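Student: Below is the sequence, then the predicted model.
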Amino acid sequence: MKFTLNNDHQQDRLMNSLLTGLMLFILLFLSFDLLFKSEQIGLSYATMSTTLFGDEEAYLDPLPFTSLLEIIHADTFFAMMILLTLGAVYGRVGHTKRARVILINITMVSALLSIITPLLAYYYSPLFIWFWLFSLLLWHAGAIAMSLISLWRLQHP
C-alpha cells in the first residue's frame, strides 16, 4: 500500500492510475453489494422482516441462524477491506482534515452498526431492522461518496 506512505500521488502516474482503478472497482463492488442485498434480504423494512422472521401466511420460512451468521461474516470481511483501502486513499486526497475525519468515522460506525444490528433484530426486537436498514444504506452512501470524491481529486488535483 505505497499510497499510504507517499502523499504525492500526482507525480507518480502509475500510482494515480492504480488508485483510479481501485476507486472504480470499489464503486462497482458497492453497487453490486446493494443489488445483492436487495435480492438476498431486501432493502425495506417489510422485506427484511420477512427474510429474517419468515411469513406464515405466505409459507416463507425464517432465515436460519447459520445463514444470518454467513451474511454477517462476509459483510464483516468486505466492509473491513473496503473501508481500510478507501479510508487510506480518501484520507490522502480528500478535502479538509475535518471533513475527512467526519466522513470516514460516520461511514465506519454505520458499517459496524450494519453488521451488529441484524443480530439485535434477530434476538431482541424487530425494531432493530430500521437501524439495520438505515446503517446499511448510510455506510454504502458514505463509501460511495468517499469513492467519488477520491476519483474526482485524483483526476483534478
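Tutor: Sure, I can see it. Residues are numbered from 1 along each chain as shown.
Student: Could you report the distance from the residue nearest the centre of the chain to Leu28?
Tutor: By Cα atoms, centre = their mean, the mean C-alpha position of the chain lies nearest to His140, the distance being 4.2 Å. His140 is 13 Å from Leu28, where distance means Cβ to Cβ, to the nearest Å. Just so you know, the C-beta spots here come from the backbone N, C-alpha and C atoms, and that holds for glycine as well.
Student: Thr51 now?
Tutor: Distance from Thr51 to Leu28, by Cβ to Cβ: 25 Å.
Student: Have a look at these two and say which one is more surrounded.
Tutor: Higher neighbour count among Thr51 and Leu28: Thr51, with 20 against 11, using other Cβ atoms under 10 Å.
Student: my guess is the more buried one meets Ile41, correct?
Tutor: Yes - in this structure, Thr51 is within contact of Ile41 by Cβ atoms under 8 Å, at 4.6 Å.
Student: what do the two both touch?
Tutor: Leu63 (Cβ atoms under 8 Å, 6 or more residues apart in numbering).
Student: From Ala74, how far off is Ser44?
Tutor: In terms of Cβ to Cβ, Ser44 sits 21 Å off from Ala74.
Student: so where is this protein shaky, pLDDT-wise?
Tutor: For the chain, the stretches flagged by pLDDT under 70 are 1-11.
Student: tally of neighbours for Pro64?
Tutor: Neighbours around Pro64, by other Cβ under 10 Å: 9.
Student: Then Ser114?
Tutor: 24.
Student: I'd like to know which elements the helix or strand hosting it is packed against.
Tutor: In this assignment (DSSP states H and E), Ser114 forms part of helix 97-123. Counting contacts by 3 or more Cβ pairs under 8 Å, 6 or more residues apart in numbering; DSSP states H and E, helix 97-123 packs against helix 45-53, helix 65-93, helix 128-155.
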